[in-house]
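Asker: have a look at this prediction, sequence included:
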Amino acid sequence: MSDVGSKAAKTVEKFELFFNAYDQVSQYTNLDETAKKHIERQRDWIKRLDQEEFPVAFFGSFSAGKSTIINAILEKEILPESPQPTTAFPTILRKSETDSVVVYYIDEEAKVSLWNQQSSEIGKRIEKNLSKSKKEDYQDHLERIKREVLKYNNVSKKKIGESWVKSLETLLKGWNDKTYAATKSSIDLSDLKEYVEGHPHALFIDHIEVCISGIDIPAEVVLVDLPGLAVVNQRHVAFTKEYIQNKANAFVVCMKPNHLLEGDEIKFLESINNSNPTILQRSFWVINQWDRLNAQQRREEEENFKKKIAAYNFSMSPERFFKLSALNYLLLVCIENETIYETNKLKDHIDNLETLTNVRDNVPSAAQAKTLKEDKRVISFSDFKESLFSYLRTTAKDEFIKDAKSELSELSETLERGLNSLHEEYNQDDDLEVEFRSVAIRKQTGKFIGDLEERIENFAVQERTLKGRVFWGDSDTEETKREIDRRISQMDKKKISNALLKGLDIQEGNFILLPSIIFEEITLTSFLRNQITTTADAKFVQNLKKLLLELKAVNKDYLPGSVSDMLSDRLSERDIFMRLNGLADSLFYEYDKGLQEVSLEDCEGDSLEDRTDIALDRYKNAFMAIADNLTSRLNKYIRGSVMNHVEYIEKELLHVLRQQEELITAQISRKVEVSDAIAQEKQKRTAIKNTYTALVNLKNGL
């Protein structure tokens, strides 16, 4: 194993030690979710350090010449070239004994993700929530997006391009296309030139992997051609960002004159420089197409570049900054190797060499091409290539391992901060069992009483929200009237007539006694009380009983018998029935008052019984009228009595729990079992102490 390989292996061991320790204590730390997610993402370092391949990413805006630069490094026309955007897909190139190209397609989950990303991006641009609802199918969702985009474009100066909506149309149209069912397919290397922006499969391609024979690059180096950040496919944008931040061991920033460090690319570089400056320290900076500028323009562009580097505070080594013409270098190599006319599009750009040869329409010979490669206007690419490979063979790997150690050190400090307070607490020599038992009892008591209080308060809230419920309805009134009619109809009129004659010497009868006789005979008071309590029992008292059962079921072991009895007493129907009986008594007063107003002076008949019959009929009608008038009032009065009782029992029950807290705590102290919890706590404390020690040793060894 090489020295670099040995360093990488040792760094992997340290990462594994860290994550073994982290996994033991992650549930105990006070780290927030953002910090935890950052730590989890860094697990990828183990795989990156372990892999033999060394990926180098080429990053830049469209038409900066990334594909041409890679072709010039390979000294072959492999990737398609054009002044228009060409790198539509992430393309990974490796050295191999045979040529092969595999196109990887996105799966079903990725299609859904892409749809959501695309619609979300459109929504951001038109400042509208375009998320797909559960009720919408994809066609309906697309139609809604099209309507909103049209509406936006009609009123806004900032028009959104058709390509955004068309990408969704294309995605929907090809969703179930069998072409992509196999997730990947092989193509000929010569067909790779067709896989550019606008390819019919563009939205469904995840990435392309290319193996090339006969190229002169280090075996472990992998070249990655990344799409720019202005492409419509948001999955490819995400791929580019992820690769630069977390996968590339080195990368090349590609630019072209008059468009140096601008747009989404410069914003992205600024963000990663702010979060992790070491990433940019692994970069090369290349201004391509340098041959197109005159001396004055070159001075201006170089000065402009330096100003931007300073303005954004980018860390750039002067030895890794190159101004070159990848196209001229590639043309001369292919002419020297006599392969220029075997190329696809490269041969059409031979006239670009006129700036070197000063001869129009003249193709240099192989010998002339070899000489021209030494021209200072061309040799800069050779210098770039040599410097890049030299860096990749030596310095890059050392820097990569250095970055890994730096990240590991930061992770260790983050985790240490998350454990500091616990570590200090656990270093105290306390009686763990006494301390933990006390804490456990306190927690259990608080939770138990809190659960009881929550159920009581929820009950009260629920009852208060039912203010409009009907306790006494029309059916209750009709039943009461039927009962009044039945009882008066069944009264013994002869017996009543005799009672009216008691103590009198006259045969007309004393009708003043009739109301009291009626009340005594039909016992309406007890009936109405029973009716009121029956309806209250069905619509309220049963809820009291249900609440009592819920309170007793929270934890039977923790509820002392005396406290249970107190709760049962407060929730019995006794008090609400007393309230309702009092309500019934006050209402009967109105019955009595109404009956006293019944006129009996003109009750004429052939006999006392006939007169009594007429009088009873009048009293019955009076009863009925009073019953009708009481319907709405009865419901209101019963609701008021129930609401008052709800307020009363809520206060009473909460008062009982506060008053009996000490007794409840004593009961819980006899029942709570903490041996398992103590064992878990000991395990937790041991893990934290061991992890803390491991972190200290780990940092000291970096």
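Answerer: Cool, got the structure. Numbers count the residues shown, from 1 in each chain.
Asker: break down the stretch 251-400 of the chain into its helices, ranges please.
Answerer: With DSSP state H, counting those that start in this stretch as the criterion, the stretch 251-400 of the chain has helices at 263-275, 295-311, 326-336, 354-357, 366-372, 376-393, 395-426.
Asker: could I get the contacting residues of I340?
Answerer: Each residue near I340 by Cβ atoms under 8 Å, 6 or more residues apart in numbering is listed here: 331, 334, 346-347, 350, 363. Every residue, glycine included, has its C-beta placed from N, CA and C.
Asker: so for it, what's the pLDDT?
Answerer: Per-residue confidence (pLDDT) for I340: 89.
Asker: if I look at it, how far off is K66?
Answerer: Between I340 and K66 the distance is 22 Å, computed by Cβ to Cβ, to the nearest Å.
Asker: could you do R611 as well?
Answerer: According to Cβ to Cβ, R611 stands 118 Å off from K66.
Asker: so how far is the helix ranked longest in the chain off the chain centroid?
Answerer: When every helix of the chain is counted residue by residue (DSSP state H), the longest turns out to be helix 608-659. The chain centre lies 54 Å from the centre of helix 608-659; the measure is Cα atoms, centre = their mean, to the nearest Å.
Asker: if you average pLDDT over it, what comes out?
Answerer: Mean predicted confidence for helix 608-659 is 82.
Asker: mind giving me the packing neighbours of it?
Answerer: helix 432-464, helix 474-489, helix 493-501, helix 514-522, helix 524-536, helix 561-570, helix 573-596 (3 or more Cβ pairs under 8 Å, 6 or more residues apart in numbering; DSSP states H and E).
Asker: contacting residues around H645?
Answerer: 575-576, 579.
Asker: give me that answer again for 10 Å
Answerer: 463, 536, 540-541, 544, 575-576, 578-580 (Cβ atoms under 10 Å, 6 or more residues apart in numbering).
Asker: who wins for most neighbours among the residues you listed?
Answerer: L580 (25 neighbours; other Cβ atoms under 10 Å).
Asker: hmm, Q444 is touching R670, no?
Answerer: No - judged on Cβ atoms under 10 Å, Q444 makes no contact with R670 at a distance of 11.7 Å.
Asker: between those two, what contacts are shared?
Answerer: Y558.
Asker: the two: which is more packed in?
Answerer: The residue with more neighbours, out of Q444 and R670, is Q444; 19 against 10, by other Cβ under 10 Å.
Asker: which residues touch the more buried one?
Answerer: Q444 neighbours (Cβ under 10 Å, 6+ apart): 555, 558, 664-665, 668-669, 671-672, 674.
Asker: of these, closest to V378?
Answerer: The shortest approach to V378 among the contacts of Q444 belongs to V674, at 79.7 Å (Cβ to Cβ).
Asker: show me the shaky parts of the stretch 251-400 of the chain.
Answerer: Applying pLDDT under 70 to the stretch 251-400 of the chain flags the ranges 361.
Asker: count of neighbours near S564?
Answerer: 14.
Asker: is it true that it touches L549?
Answerer: No - using Cβ under 10 Å, S564 is not in contact with L549; the gap is 11.3 Å.
Asker: distance check, P257 against K166.
Answerer: 32 Å.
Asker: number of residues surrounding D99?
Answerer: For D99, using other Cβ under 10 Å, the count is 15.
Asker: local confidence estimate at it?
Answerer: 93.
Asker: what sits against it?
Answerer: 78, 188-190, 192, 210-214.
Asker: one more pass at 7 Å, please.
Answerer: 189, 211-213 (Cβ atoms under 7 Å, 6 or more residues apart in numbering).
Asker: if I look at it, how far off is D191?
Answerer: 11 Å.
Asker: go on, R377?
Answerer: 34 Å.
Asker: follow-up on the earlier one: so which of the contacts of I340 is the closest to E319?
Answerer: The closest of the contacts of I340, once distances to E319 are taken by Cβ to Cβ, is L331, at 26.6 Å.
Asker: surely that closest one is in contact with D351?
Answerer: No - using Cβ atoms under 7 Å, L331 is not in contact with D351, being 9.8 Å away.
Asker: could you check which of the two is surrounded by more residues?
Answerer: When L331 and D351 are compared on other Cβ under 10 Å, the one with more neighbours turns out to be L331, at 27 against 12.
Asker: nearest spatial neighbour of K494, chain-adjacent residues omitted?
Answerer: Ranked by Cβ to Cβ, 6 or more residues apart in numbering and with sequence neighbours excluded, the top spatial neighbour of K494 is E609, at 6.3 Å.
Asker: quick check: which of the helices of the stretch 251-400 of the chain is nearest to Y152?
Answerer: helix 263-275 (21.3 Å).
Asker: what does that closest one rub up against?
Answerer: 60-61, 228-230, 241, 244-245, 279-280, 312-314.
Asker: most neighbours out of those, which is it?
Answerer: G60 (24 neighbours).
Asker: any idea how far that one is from D264?
Answerer: 11 Å.
Asker: equivalent analysis for L408, please.
Answerer: Taking Cβ to Cβ, one finds L408 at 31 Å from D264.
Asker: which one's more surrounded, the two?
Answerer: Shown here are L408 and D264; by other Cβ under 10 Å, L408 has more neighbours (21 against 15).
Asker: I'd say the more buried one and F15 touch.
Answerer: Yes - using Cβ under 7 Å, L408 is in contact with F15, at 6.0 Å.
Asker: about what we covered before: neighbour count and distance to I638 for the contacts of D99 - can I get that in a markdown table?
Answerer: Below are the contacts of D99 laid out as a markdown table (neighbours: other Cβ atoms under 10 Å; distance: Cβ to Cβ, whole Å):
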| residue | neighbour count | distance to I638 |
| --- | --- | --- |
| L189 | 16 | 89 |
| C211 | 16 | 86 |
| I212 | 20 | 90 |
| S213 | 12 | 94 |
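Asker: mind listing what's buried in stretch 274-288?
Answerer: Across stretch 274-288, burial judged by 16 or more other Cβ atoms under 10 Å covers 276, 278-288.
Asker: and K173, how many neighbours?
Answerer: 10.
Asker: same question, the one 4 residues further on
Answerer: By other Cβ under 10 Å, the residues close to D177 number 12.
Asker: leaving out chain neighbours, which residue sits closest to it?
Answerer: Here the residue nearest D177, using Cβ to Cβ, 6+ apart, is F204, at 7.4 Å.
Asker: for P80, same thing?
Answerer: Nearest one to P80, counting by Cβ to Cβ, 6+ apart, is K193 at 4.3 Å.
Asker: okay, the one you found: pLDDT?
Answerer: So K193 comes in at 84 (pLDDT).
Asker: and the gap between it and I70?
Answerer: Taken as Cβ to Cβ, the span from K193 to I70 is 14 Å.
Asker: more neighbours, these two?
Answerer: Legend: neighbour count by other Cβ under 10 Å for K193 and I70, higher for I70 (25 against 17).
Asker: on that earlier part again, against L114, how distant is the residue nearest to P80?
Answerer: Between K193 and L114 the distance is 25 Å, computed by Cβ to Cβ.
Asker: is V56 in a helix, a strand, or coil?
Answerer: strand (DSSP: H, G, I helix; E, B strand; the rest coil).
Asker: got the contact list for it?
Answerer: With Cβ under 7 Å, 6+ apart, V56 has these contacts: 221-224, 248-252, 392.
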